[in-house]
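>>> Sequence first, then the predicted structure:
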Amino acid sequence: MSTLNPPDQRQAPAAGPGHDPRPAPGAGRRLRTSLGSRVFDGVNIAVLIGLAVVTLLPFLYVIAGSFAGEAELASRPFFLWPHDVDLSSYTYIFSTDTFLRSLLVTIGVTVVGTIVQLALTTTMAYPLANRHLPGRNVLLSLVIFTMVFSAGMIPTFLVVKELGLLDSYWSLILPMAISPFNLIIIKNFFQELPDEPQEAARIDGCTEIGVFFRIVLPLSKPILATFALFYAVAIWNDFQSPLLYLSDTDMWTLQMFVRQVTVSTDLASTVGQLDPSFVPPEQGIKFATVVVATIPILLVYPFLQKHFAKGMLIGSVKG
């Protein structure tokens, strides 16, 4: 007895040797955005472009002004390209001992401070990532407490003074050695690392210090690069700490130099006069100083950019 197929059931044609099983382009349903959605996207794009222009224009003007002469700066209130390129401002500041000394001091403090702060933060975050650590909840509560209630400027100054750190470069590093927010994010990242490589290392006889340096840190490059950039930017741009803790002008950092140049009415006494007959272009020197103080830290970002986006998100979900 034969079995008949239902009338609405059709057999698909056999696939030939040249048949492509993938659906034809456009065969699927296309997502169509409504008019309101397109208008919303257009407004967002226009607002973001406007904010970008407002943010970049002052910086571009400072760069252009640093290459302009004093007469052009006085006659043109705003421009993005100088008529005549004048390098006298850069020649002047790079020829002074005060600027070069402050630049070297800032580079040294930033490099050493970033290493110290990152080392202290990671070594504290690693044991706190262990859920079986005795007193872990108490320590985490104290860390969170410091995020909500900070000591303030005067108590911090008194602590630095009692520790004998005044007029010392360590006063620019140790008071902000561990950021509670950064500590919690790195701790969360360590908790998300797989346990198998760490357990295998312990079975092979590796100590906890060995596990930390050989297993945990190599797996943590994205977040280490991210917070190294955060710490470096914070140290590089800090002028409050040198203002409070350093009374010796020979120990000034670059940001203190920038502050003095931008607020001073006598650049010869602040920057240093090389030639008594030379009148420095005051506005151009201020612009050039700001540019030189900003560009170096911007050049660090491309080297860490491949880790930056990933490190911003990793460790920020789980508690």
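Right, received. Where do you want to start? Remember, predicted model here, so these are calculated numbers, not experimental data. Residues are numbered from 1 along each chain as shown.
>>> all helices of the stretch 51-200 of the chain, in order?
70-75, 88-94, 97-128, 136-148, 153-162, 180-192, 195-203 (DSSP state H, counting those that start in this stretch).
>>> Quick one: closest of those helices to Met256.
Among these, the nearest to Met256 by C-beta to C-beta is helix 97-128 (6.9 Å). Every residue, glycine included, has its C-beta placed from N, CA and C.
>>> any idea how the protein splits into domains?
Here the domain assignment for the chain is 39-75, 89-313, based on automatic domain parsing.
>>> and the first one, how far out from the chain's middle?
Yep, that's domain 39-75 we're talking about. 22 Å (C-alpha atoms, centre = their mean, to the nearest Å).
>>> Give me the below-cutoff pLDDT ranges for the stretch 151-300 of the chain.
264-281 (pLDDT under 70).
>>> change it to 80
Within the stretch 151-300 of the chain, the stretches with pLDDT under 80 are 151, 261-282, 297, 300.
>>> still on that earlier bit, now the domains of the chain as CSV including mean neighbour count?
Converted to CSV, the domains of the chain look like this (neighbours: other C-beta atoms under 10 Å):
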stretch, mean neighbour count
domain 39-75, 14
domain 89-313, 16
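>>> I'd like these as CSV, with distance to Pro82 appended.
CSV is the format used below for those (distance: least, C-beta to C-beta, whole Å):
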stretch, distance to Pro82
domain 39-75, 4
domain 89-313, 10
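>>> follow-up on the earlier one: can you tell which of the helices of the stretch 51-200 of the chain is closest to Thr33?
With C-beta to C-beta, the closest approach to Thr33 among the helices of the stretch 51-200 of the chain belongs to helix 180-192: 35.8 Å.
>>> That closest one - contacts with which helices or strands?
Under the contact criterion of 3 or more C-beta pairs under 8 Å, 6 or more residues apart in numbering; DSSP states H and E, helix 180-192 touches helix 97-128, helix 136-148, helix 221-237.
>>> Now it - C-alpha only, CSV.
The C-alpha trace of helix 180-192 is given here as CSV (Å, rounded to 0.1, in the frame of the first residue of the first chain):
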residue,chain,number,x,y,z
PRO,A,180,41.1,52.3,46.4
PHE,A,181,39.0,52.3,43.2
ASN,A,182,41.9,50.9,41.1
LEU,A,183,42.6,48.3,43.9
ILE,A,184,39.0,47.0,43.8
ILE,A,185,39.0,46.8,40.0
ILE,A,186,42.3,44.9,39.9
LYS,A,187,41.1,42.6,42.7
ASN,A,188,38.0,41.8,40.7
PHE,A,189,40.1,41.0,37.7
PHE,A,190,42.3,38.6,39.7
GLN,A,191,39.2,36.8,40.9
GLU,A,192,38.1,36.2,37.3
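>>> Between helix 97-128 and that helix, find me the angle.
On the basis of axes from the mean of the first three to the mean of the last three C-alpha atoms, to 10 degrees, helix 180-192 is oriented at 40 degrees to helix 97-128.
>>> Could you figure out how far helix 180-192 is turned away from helix 195-203?
Using the same axes, to 10 degrees: helix 180-192 against helix 195-203 is 80 degrees.
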